[in-house]
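**Student:** Here is the input, now give the coordinates:
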Amino acid sequence: MMVSIKKIKILTSIFISIFAVIAVLFSAGVKNADAVIVDQIIAVVNKTPVTLYEFAKFNRPAFENYEQMQTQASRGIFTEADSVIMTQTQGALNELIDKILLKQEEEKAAIYISPKQLNSYIEAVARANSFTVRQFFAFLAKRGISKKAYIKQVRNHFMEIEFLRKVYGNKMAITKRRLAGYYKKNIEEFRGEPEVDLKLIFLSVPSNAGKKLKNKIYERISKIRSEAKNGNKSFSSLAREYSEDPSEKNGGRIGYIYRNKLSPNFSDIAFKLHVGQISPIIKTKFGYAVLKSVGKKMGSFKTFKQVKPEILSILEKYKTNKYLEKILKKARKNSYVKILIAV
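**Tutor:** The predicted model follows:
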């Protein structure tokens with residue numbers, strides 16, 4: 001869908017200025033794409049310049065969308081998607097500016113996090129996950145998180161918390177009473193998973209079975225299910241007589257089981273059954289099955305002691321976000337912030 005002439009003129013003026021900068025850099029003999037990005041200042045925060053390269057590092061997808069829009073504009077292509085990309089670019093750039101402002105405020109407050117403080121925290125996290133520190137960093141590396149990146153993340157978190165404590169003091173404290181109040185008010189959040197008590201009749205289908213054999217086995221389990229539903233024989237006796245699952249020795253009894261312990265096609269049916277109800281025939285890649293629900297348990301509540309660390313994390317996050325928003329609002333008001341690209 002094509003945009004209005006007025007929007008085309010605005011976008012054209014934006015991209016002419018951008019490509020003028022790039023043209024000057026290339027004429028000076030700059031061949032590396034990153035070098036072009038580094039030299040393009042897109043915002044100023046107090047006395048700190050913000051480059052397009054920093055923006056690319058901060059939010060790669062937003063940068064790539066912006067870059068694609070530039071390329072299309074150089075060919076005279078303007079679409080409705082451009083306004084969406086400009087909004088996304090503005091949002092991402094403002095997030096980066098907030099990050100820079102917060103860092104500047106932390107520097108003013110002279111917040112210092114000692115290596116000992118960081119090491120103690122990392123050791124505690126590793127120990128809580130049954131790792132040595134070395135094993136913990138190896139575990140993170142397998143998931144694409146470098147040791148340097150993780151330590152930086154932890155340091156930033158501590159800087160943020162210590163800064164807020166310095167500014168707001170006791171307002172950042174979370175009392176045991178507050179924790180207990182949250183637990184009581186939101187008790188359903190801390191209920192364990194429900195369980196169902198099941199019995200099973202299973203007939204296997206050979207992997208090389210033809211249509212005729214499959215139909216024969218299906219007819220057989222249909223008859224067994226009908227007998228169970230009509231009450232001609234108990235489900236347990238039918239399981240002992242016909243089922244090809246190891247549970248047949250216990251009359252098909254699987255016992256209580258959580259949803260995530262069953263395959264999706266089983267769990268979707270099993271947890272909808274009323275106690276005493278027999279399921280439709282369930283087709284699996286190994287054969288055909290019929291379930292019977294013989295009991296249900298609602299998940300039991302976790303104790304306050306078990307979930308206390310989780311509640312603390314929830315409330316800390318809430319308070320952190322609340323007070324950071326206040327600090328950034330004030331910092332924006334008292335700082336010089338200039339965005340040099342039209343977004």
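
**Student:** Which of the helices or strands spans E219?
**Tutor:** Secondary-structure assignment from DSSP states H and E places E219 in helix 211-230.

**Student:** who does that helix touch, helix- and strand-wise?
**Tutor:** Under the contact criterion of 3 or more Cβ pairs under 8 Å, 6 or more residues apart in numbering; DSSP states H and E, helix 211-230 touches strand 195-204, helix 235-242, strand 287-297. Heads up, the C-betas are built off the backbone N, CA and C, glycines and all.

**Student:** Mind putting those into CSV with mean neighbour count and mean pLDDT?
**Tutor:** Written out in CSV, the entries for the helices and strands packed on helix 211-230 read as follows (neighbours: other Cβ atoms under 10 Å; pLDDT from 0 to 100):
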stretch, mean neighbour count, mean pLDDT
strand 195-204, 22, 93
helix 235-242, 19, 94
strand 287-297, 20, 93
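
**Student:** mind checking which of these is nearest R177?
**Tutor:** With Cβ to Cβ, the closest approach to R177 among the helices and strands packed on helix 211-230 belongs to strand 287-297: 32.1 Å.

**Student:** Can you pull out the residues in contact with that closest one?
**Tutor:** 194-205, 217-218, 221, 224-225, 228, 235, 244, 252-253, 256, 266, 269-270, 273-282 (Cβ atoms under 8 Å, 6 or more residues apart in numbering).

**Student:** can I get the helices and strands packed on helix 211-230 in JSON lines with distance to E316?
**Tutor:** As requested, these are exported to JSON lines (distance: least, Cβ to Cβ, whole Å):
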{"stretch": "strand 195-204", "distance to E316": "32"}
{"stretch": "helix 235-242", "distance to E316": "51"}
{"stretch": "strand 287-297", "distance to E316": "33"}
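
**Student:** Nearest to I111, out of those?
**Tutor:** Comparing those against I111 with Cβ to Cβ, the closest turns out to be strand 195-204 (48.3 Å).

**Student:** and the angle from the closest one to strand 287-297?
**Tutor:** In this structure, strand 195-204 runs at an angle of 170 degrees to strand 287-297, with axes from the mean of the first three to the mean of the last three Cα atoms, to 10 degrees as the basis.

**Student:** Strand 195-204: partners in the sheet, and parallel or antiparallel?
**Tutor:** Strand 195-204 has the following sheet partners, assigned by DSSP bridges: strand 253-258 (antiparallel), strand 287-297 (antiparallel).

**Student:** between the ones you listed, which gets nearest to A128?
**Tutor:** For A128, the closest of the strands paired with strand 195-204 is strand 253-258, at 23.8 Å, according to Cβ to Cβ.

**Student:** buried set for that closest one?
**Tutor:** For strand 253-258, a neighbour-count test (16 or more other Cβ atoms under 10 Å) marks 253-254 as buried.
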